[in-house]
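Student: Okay, predicted coordinates and the sequence, questions at the end:
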Amino acid sequence: MVCNQPAFRGLKRFAIMNPTVPSINTWIEALVETGCTSLKQFDLYNTSLSILDIDKEVFLKFINAQCEGFKMEIEMRSAADFHSMEERFEAQFSEQFEVNFILNYFVPRKRVFIEYHGSPYLRAIYTLRADCRY
């Protein structure tokens, strides 16, 4: 796969628009296999709920491998998808991530943002717990 190219090892930001084929899970698995640890931001636009059909350990290994201050931004296709995604993410990852209502940019922690850009109020911020290691 393309992720095996040397350029992917030093990648700082990666964005996928309308992810379908290959799936987001395929990209994350490939980045883990490649040993990519340089990402500062990973953006997924117009995403479906299928992103959470990933192996939990692979997802956490990917997040943990990135630098401090890493940000994954997941933009949902609809408000209904946003609410479903929020519920599923919390059910699947509540032990590893804590919900933040106020974002502190001065603390360089790894975060996942889930949002629906149709409304500025539909945004959830999850910070990887300091004791979560994979």
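Tutor: Structure's in. What do you need?
Student: Can I get the helix or strand of the chain with the lowest mean pLDDT in PDB, CA atoms only?
Tutor: Using mean pLDDT, DSSP states H and E, the weakest-scoring helix or strand in the chain turns out to be helix 24-34, at a mean of 87. C-alpha atoms of helix 24-34 as PDB (Å, rounded to 0.1, in the frame of the first residue of the first chain):
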ATOM      1  CA  ILE A  24     -10.800   4.800   7.300                       C
ATOM      2  CA  ASN A  25     -10.100   1.600   9.200                       C
ATOM      3  CA  THR A  26      -7.800   0.500   6.400                       C
ATOM      4  CA  TRP A  27      -5.900   3.800   6.500                       C
ATOM      5  CA  ILE A  28      -5.500   3.600  10.300                       C
ATOM      6  CA  GLU A  29      -4.300   0.000  10.200                       C
ATOM      7  CA  ALA A  30      -1.800   0.800   7.400                       C
ATOM      8  CA  LEU A  31      -0.400   3.800   9.300                       C
ATOM      9  CA  VAL A  32       0.000   1.600  12.400                       C
ATOM     10  CA  GLU A  33       1.700  -1.100  10.400                       C
ATOM     11  CA  THR A  34       4.000   1.400   8.800                       C
END
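Student: remind me which residues of this structure are low pLDDT?
Tutor: By pLDDT under 70, the weakly predicted segments of the chain are 1-9, 20-21, 103-105, 134.
Student: so where do the strands sit in it?
Tutor: Per DSSP state E, the chain carries strands over the ranges 13-17, 41-47, 71-76, 97-100, 111-115, 123-128.
Student: If you count neighbours, what's buried in the first one?
Tutor: Of the residues in strand 13-17, those scored as buried under the neighbour-count criterion (16 or more other C-beta atoms under 10 Å) are Phe14, Ile16. In short, each C-beta sits where N, CA and C put it, glycine included.
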